[in-house]
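1. sharing a sequence plus its predicted fold:
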Amino acid sequence: MKKITILTLSALVLCSSYSFARDDVEAYSIANIMSSEVAKSKLGTDVSFYFGDQSYGNVLKNFGGFKTNKKTNAFAKSDKDACNWVFLSAMIALKERAIKEGGNAVVDIKSNYKNNLTSSPETFQCGTGAVMAGVALTGQVVTLE
């Protein structure tokens, strides 16, 4: 009986550790989160954001490239909800950096999850596991005309 209990517990530990090792990377809609009321209230209108190859006005001053890498607790949340939340956190970090540098826009925003640079005006990359979700972004802080 002891051997069966030990074998059962061992199998449970192996199965549970495998399920916690999940590390999925998915693309999510930028427009969906940026058009939400929470994003509008948190990001305001002081800084403009341009993703991928979206066109923007003349650059008066370029303050350089900046990165943000944010994580959030994804436990008991859908991947989409966790990813949207952590994306917003990363966008707030870019906004705060633009204001700190004196810029009014962040351009050429790209996903950089696990140093895998992807550029899209429609989607961002988010990594999800059993308990965490993460978004990494890069962008150029500028002052536009």
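-> That came through, no problem.

2. top strand in the protein by residue count?
-> strand 59-73 (DSSP state E).

3. what packs against that strand?
-> helix 79-101, strand 105-113, strand 132-144 (3 or more Cβ pairs under 8 Å, 6 or more residues apart in numbering; DSSP states H and E). Every residue, glycine included, has its C-beta placed from N, CA and C.

4. next, the angle from the shortest one to helix 79-101.
-> Using axes from the mean of the first three to the mean of the last three Cα atoms, to 10 degrees, the interaxial angle of strand 105-113 with respect to helix 79-101 works out to 140 degrees.

5. next, the angle from strand 105-113 to strand 132-144.
-> 150 degrees.

6. and if you look at the first one?
-> Orientation check (the same axes, to 10 degrees): helix 79-101 against strand 132-144 gives 30 degrees.

7. helix 79-101 vs strand 59-73, what angle?
-> Computed by the same axes, to 10 degrees, the angle between helix 79-101 and strand 59-73 is 140 degrees.

8. buried stuff in helix 79-101?
-> Buried residues in helix 79-101, counted by 16 or more other Cβ atoms under 10 Å: 79-80, 82-91, 93-95, 97-98, 101.

9. what do you get for stretch 110-127?
-> So, applying 16+ other Cβ under 10 Å, buried residues of stretch 110-127: 110, 111, 112, 113, 120, 123, 124, 125, 126, 127.

10. tell me the mean pLDDT over it?
-> Mean pLDDT, computed over stretch 110-127, is 97.
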